[in-house]
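Participant: The sequence and its predicted three-dimensional model are supplied below.
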Amino acid sequence: MRSRFDEQLAVLNKGLIEMGALCEEAIALSSRVLMNYSLVPVHPDSEEALNFMRDMETLKSRVLATDFEIDNKEREIESLCLRLLLQQQPVAGDLRTVSAALKMITDMERIGDQASDIAELSDFVKGSNIRHRTHLHKMAKETAKMVTDSIDSFVRRDLELTKAVIDYDDVVDGLFTEVKNELIELIKNDSGNGELYLDILMIAKYYERIGDHATNIAEWVRFSITGIRKE
């Protein structure tokens, strides 16, 4: 009986790792779309520009397809967790692991959604050169690091890494404040593009939320190991 349960736990761990990898891919792809769109070629009717836009549309399609895979993986893992709870009736550490997995996949699913939202909003920042006008590029990079580290903390069962992820949320929150202040200044000096800057602010907010989800994942990993979610 225990051997069968251990096999199912191994399947659960593998599924969570795969779902985490999909989240990392979705963020990486959506960030590429965002930053490349902001540097769209000057001559929109040139062959170079047309090829560029086709490449960007392909990337966007990959983000949406990855989000779809994340949704499917969430349903698959949720079904497995429910079977484990109903059939095996785990206790103590095993129960924490299954319960934490159910919580983690909710956060991962939201990360996939927000990566898709960023890719969709990228249409509205074409040619804005936001990479050089705000700290949004750095925010995207640091948020991706948080997600990667939160998944790694689960794979390695690393309490120190969970703490590092949780603490790092302050860095991402600080970058969000920087981007917000930069956009306030841009709106003051260029009110005609106010709508563009609000779209960029919304993208920054999505990155900030992804950081929050990475923090949640790290907290659930800590709970699965120690039984304590927040200190």
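Facilitator: Noted; the coordinates are in hand. These numbers come from a predicted model, not from an experiment.
Participant: For the rest of this, base every contact and every neighbour count on C-alpha atoms.
Facilitator: Noted.
Participant: Helices of this protein, residue ranges please.
Facilitator: In the chain, the segments counted as helices under DSSP state H are 2-37, 47-83, 92-121, 130-133, 136-156, 159-189, 194-226.
Participant: can the ones you listed go into TSV with extra columns for mean pLDDT and mean neighbour count?
Facilitator: Below are the helices of the chain laid out as TSV (pLDDT from 0 to 100; neighbours: other Cα atoms under 10 Å):
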stretch	mean pLDDT	mean neighbour count
helix 2-37	91	19
helix 47-83	92	17
helix 92-121	94	21
helix 130-133	79	15
helix 136-156	93	21
helix 159-189	95	18
helix 194-226	95	22
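Participant: can you pull the contacts of Gly211?
Facilitator: 143, 146-147, 169, 172 (Cα atoms under 8 Å, 6 or more residues apart in numbering).
Participant: ditto for Asp117
Facilitator: 203, 206.
Participant: Using CSV, write out every CA atom in stretch 120-132.
Facilitator: Coordinates of each C-alpha in stretch 120-132 appear next as CSV, following Å, rounded to 0.1, in the frame of the first residue of the first chain:
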residue,chain,number,x,y,z
GLU,A,120,-1.9,40.4,-25.1
LEU,A,121,-1.2,43.9,-23.8
SER,A,122,2.1,44.0,-25.7
ASP,A,123,0.1,45.0,-28.7
PHE,A,124,-0.5,48.4,-27.1
VAL,A,125,3.1,49.3,-26.4
LYS,A,126,4.5,48.9,-30.0
GLY,A,127,7.4,51.3,-30.6
SER,A,128,7.3,52.7,-27.0
ASN,A,129,10.9,51.7,-26.3
ILE,A,130,9.9,50.9,-22.7
ARG,A,131,13.1,48.9,-22.2
HIS,A,132,15.0,52.2,-22.0
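Participant: List the contacts of it.
Facilitator: Stretch 120-132 has contacts (Cα under 8 Å, 6+ apart) with 33-35, 37-42, 60, 136-137, 196, 199-200, 203.
Participant: ditto for stretch 98-115
Facilitator: So stretch 98-115 is in contact with 16, 19-20, 23, 26-27, 30, 63, 66-67, 70-71, 74, 77-78, 81, 84-85, 206-207, 210, 213-214, 216-217, 220-221, 223-224, going by Cα under 8 Å, 6+ apart.
Participant: mind redoing it with 6 Å?
Facilitator: For stretch 98-115, contacts defined as Cα atoms under 6 Å, 6 or more residues apart in numbering pick out 23, 26-27, 30, 67, 74, 81, 206, 210, 213, 217, 220, 224.
Participant: same deal with stretch 135-154?
Facilitator: So stretch 135-154 is in contact with 20, 131, 161-162, 165, 175, 179, 211, 214, 218, 221, going by Cα under 6 Å, 6+ apart.
Participant: Ok, stretch 13-26 next?
Facilitator: Stretch 13-26 is contacted by residues 63, 112, 115, 151 when judged by Cα under 6 Å, 6+ apart.
Participant: 7 Å instead?
Facilitator: Residues external to stretch 13-26 that are found in contact with it (Cα atoms under 7 Å, 6 or more residues apart in numbering): 63, 66-67, 70, 73, 77, 108, 111-112, 115, 144, 147-148, 151.
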